[in-house]
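Asker: Provide a 3D model corresponding to the input given below.
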Amino acid sequence: MAAEFELGDYILVQDGNILEVFHRTLSSVRRFHVAFLGVYAKPRRNGFKVMIGPRSDDRIINGVTLDMNPEELERFQEFMAPLIAARDRRASL
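Answerer: Have a look, this model is predicted:
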């Protein structure tokens, strides 16, 4: 069964080597393969701005931006750990 992470209007679904991002009011789904996945968290006054999307060099291009408090970020990091590990394994091949 695929793992899920819910945050506000978003649901992130981990399905093997694919991360899918669903939004409550949008009909399109964003899909990212771990080989191209980038994740970046930037501290803000009351939490974090997290960007998820395809990476090119050290940037994320056309990604999804999520605002998280520290507790949400901790849950998000646990959810993303298998995807990041899979990405890093592929990069070392």
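
Asker: For the residue nearest the centre of the chain, give its distance to Glu74.
Answerer: What sits nearest the mean C-alpha location of the chain, by C-alpha atoms, centre = their mean, is Ile52, with 4.4 Å. As judged by C-beta to C-beta, to the nearest Å, Ile52 and Glu74 stand 16 Å apart. In short, each C-beta sits where N, CA and C put it, glycine included.

Asker: Val21 too?
Answerer: 19 Å.

Asker: Check Arg90 too.
Answerer: For Arg90 relative to Glu74 (C-beta to C-beta), the value is 25 Å.

Asker: more crowded one of the two?
Answerer: Arg90 (14 against 11; other C-beta atoms under 10 Å).

Asker: Contacts only, for the closest residue to that one other than its chain neighbours.
Answerer: Excluding its sequence neighbours, the residue lying closest to Arg90 (C-beta to C-beta, 6 or more residues apart in numbering) is Ala35, at 5.3 Å. Ala35 is in contact with 17, 87, 90, counting by C-beta atoms under 8 Å, 6 or more residues apart in numbering.

Asker: Recalculate using a threshold of 10 Å.
Answerer: 17, 54-55, 86-87, 90-91 (C-beta atoms under 10 Å, 6 or more residues apart in numbering).

Asker: Gln77 too?
Answerer: Taking C-beta under 10 Å, 6+ apart as the test, what Gln77 contacts is 39, 41, 50, 68, 84.

Asker: The last one contacts Tyr40, doesn't it?
Answerer: Spelled out, that is Ile84. No. Here Ile84 does not reach Tyr40: they are 11.9 Å apart, not a contact under C-beta atoms under 10 Å.
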